[in-house]
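> Test case, fold it:
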Amino acid sequence: MPRKRKKKPGKTETLGDRIRKFRLAKGLTQTELGKMVGVTQRVITYYEVRGVSPPPDLLVKIADALGVSLDELFGRKPPPRRPADAPGESLRRRRRLRRLEDLPRDEQAALLKMIDALADRASKRKGGG
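Residues are numbered from 1 along each chain as shown. This next block holds a predicted model:
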């Protein structure tokens with residue numbers, strides 16, 4: 001069973017730490033990862049332990065082999081994802097909402113009540129009621 005490396009308190013995660021973490025999560029040995037990207041086990045060990053950054057072309061191969069993006073490999077947090085819309089759908093929706101803001105308050109309130117009623121009805125259908 002592999003030994004667990006202890007992280008020093010306050011030490012930030014290195015590129016090597018992330019390569020190791022993703023490799024282990026994928027269930028790969030250093031030798032297997034090395035073969036997948038065209039280097040030896042010793043080279044993988046070097047990058048994991050020393051935290052030295054591999055050349056860009058090798059980084060891309062490592063990320064692909066581990067099934068992660070380069071951003072994940074570098075520890076960058078992805079921006080919060082918005083729900084995927086059909087192309088142009090969110091633009092259309094925003095235009096409609098702007099038009100709603102141009103209506104008098106009482107008509108805005110009436111439309112919002114209709115939206116709430118339709119949404120409630122749809123959620124009851126989904127809930128089996």
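
> check contacts around R92.
By CB atoms under 8 Å, 6 or more residues apart in numbering, the contact list for R92 is empty. C-beta here means a position set from N, CA and C on the backbone, and glycine is covered the same way.

> got the phi/psi numbers for it?
phi -60, psi -40 (degrees, to the nearest 10).

> so where's this structure uncertain?
1-11, 78-89, 128-129 (pLDDT under 70).

> who touches the longest helix along it?
In the chain, taking DSSP state H as the definition, the longest helix is helix 105-126. Helix 105-126 is touched from outside by L100, E101, L103, with contacts defined as CB under 8 Å, 6+ apart.

> hmm, which of those residues are the buried ones?
Buried by 16 or more other CB atoms under 10 Å: nothing, out of those.

> Okay, and which of these map to helices?
Short answer: those in helices (DSSP H) are L100, E101.

> okay, the contacts of helix 105-126 in TSV with distance to Q30 next?
As requested, those are arranged in TSV below (distance: CB to CB, whole Å):
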residue	distance to Q30
L100	58
E101	58
L103	64
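
> and which of the contacts of helix 105-126 is nearest G27?
L100 (51.5 Å; CB to CB).

> The helix or strand hosting L91 vs helix 105-126, what angle?
Using DSSP states H and E, L91 maps to helix 89-101. Put simply, helix 89-101 runs at 140 degrees to helix 105-126, going by axes from the mean of the first three to the mean of the last three CA atoms, to 10 degrees.

> ok now helix 89-101, how far from the chain's centre?
Here helix 89-101 shows a centroid-to-chain-centroid distance of 28 Å under the convention CA atoms, centre = their mean, to the nearest Å.

> Sort out which residues of that helix are buried, please.
So helix 89-101, judged by 16+ other CB under 10 Å, has zero buried residues.

> swap in stretch 118-128?
The neighbour-count check on stretch 118-128 (16+ other CB under 10 Å) flags nothing as buried.
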